[in-house]
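Peer 1: How does the following fold in three dimensions:
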Amino acid sequence: MIIKIIEKISYQQVLIINFLFSFCALVLVYISQYFFDLLPCILCIYQRIPLAIILITTITSLILATKKYSKKINQQIIKNLSLAIITLSLLSNVILSFYHSGVERKIFKMTTKCQSDQSLNPQDLEQLRAMIANAKLAKCDDISFSFLKLSMANWNLIFTLGLMTLVICFILKNYCKKKNYH
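Peer 2: Numbering: from 1, shown residues only. Here you go, the predicted structure:
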């Protein structure tokens with residue numbers, strides 16, 4: 001069934017699926033952060049970057065595919081470049097979310113950026129309160145929210161792996177068609 005879906009999917013559909021996932025994921029994390037006070041850690045912030053790159057790439061590619069630009073620009077170059085950027089962005093997000101999931105589960109050690117700053121030693125209760133009030137990032141190994149016993153980093157890994165599989169299968173399908181492999 002999955003193979004039949006991959007066979008029928010178009011380039012524009014791959015772009016739209018990646019756009020929708022990236023957009024929804026970013027909306028979800030910003031709602032979680034600003035409306036439910038779930039502070040992100042530095043790895044959470046890093047995981048947003050590939051999603052933003054995918055948004056920019058898909059929007060640009062869809063605009064360049066319009067009739068206005070289609071005669072001025074080699075569409076195959078745009079398709080190949082956008083699929084390469086999306087694939088690399090997804091791969092980087094898979095690596096980041098895999099590492100983040102491992103840190104959360106205490107499989108990997110945290111980087112120094114993930115750990116709380118031990119050099120700050122408050123002298124009194126007021127300084128401690130001020131430090132806590134000004135803290136903007138969570139620790140990378142704290143799971144502040146989970147759904148079905150999976151953290152947001154775990155869900156990001158699952159969905160990003162799925163998207164990367166879709167994009168790679170689409171690329172391979174088109175490559176095999178060009179080379180007449182079946």
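Peer 1: List the residues that contact residue 169.
Peer 2: residue 6 (C-beta atoms under 8 Å, 6 or more residues apart in numbering). The C-beta positions use only the backbone N, C-alpha and C, and glycine is treated the same way.
Peer 1: Look up how far residue 88 lies from it.
Peer 2: Distance from residue 169 to residue 88, counting by C-beta to C-beta, to the nearest Å: 16 Å.
Peer 1: Then residue 108?
Peer 2: In terms of C-beta to C-beta, residue 108 sits 22 Å off from residue 88.
Peer 1: now for the longest helix along the chain, which elements pack on it?
Peer 2: Using DSSP state H to define each element, the chain has its longest helix at helix 75-104. Using 3 or more C-beta pairs under 8 Å, 6 or more residues apart in numbering; DSSP states H and E, the elements in contact with helix 75-104 are helix 11-35, helix 42-64, helix 152-178.
Peer 1: Kindly recompute the last result at 7 Å.
Peer 2: On a contact count with 3 or more C-beta pairs under 7 Å, 6 or more residues apart in numbering; DSSP states H and E, helix 75-104 meets helix 42-64, helix 152-178.
Peer 1: For residue 15, which of the ones you listed is the nearest?
Peer 2: Nearest to residue 15 among the helices and strands packed on helix 75-104 is helix 42-64; the distance by C-beta to C-beta comes to 4.5 Å.
Peer 1: for residue 21, what are its contacts?
Peer 2: When contacts are counted by C-beta atoms under 7 Å, 6 or more residues apart in numbering, residue 21 touches 159, 163.
Peer 1: Kindly report the same for residue 168.
Peer 2: Applying C-beta under 7 Å, 6+ apart, the residues contacting residue 168 are residue 87.
Peer 1: tell me the pLDDT at it?
Peer 2: With respect to pLDDT, residue 168 has a value of 92.
Peer 1: Can you tell me, leaving aside adjacent residues, what's nearest to the residue nearest the centre of the chain?
Peer 2: The centre of the chain sits closest to residue 51, judged by C-alpha atoms, centre = their mean, with a distance of 4.2 Å. Excluding the flanking residues, the one nearest residue 51 by C-beta to C-beta, 6 or more residues apart in numbering is residue 22, at 4.2 Å.
Peer 1: Since that was my last question, I'll sign off now.
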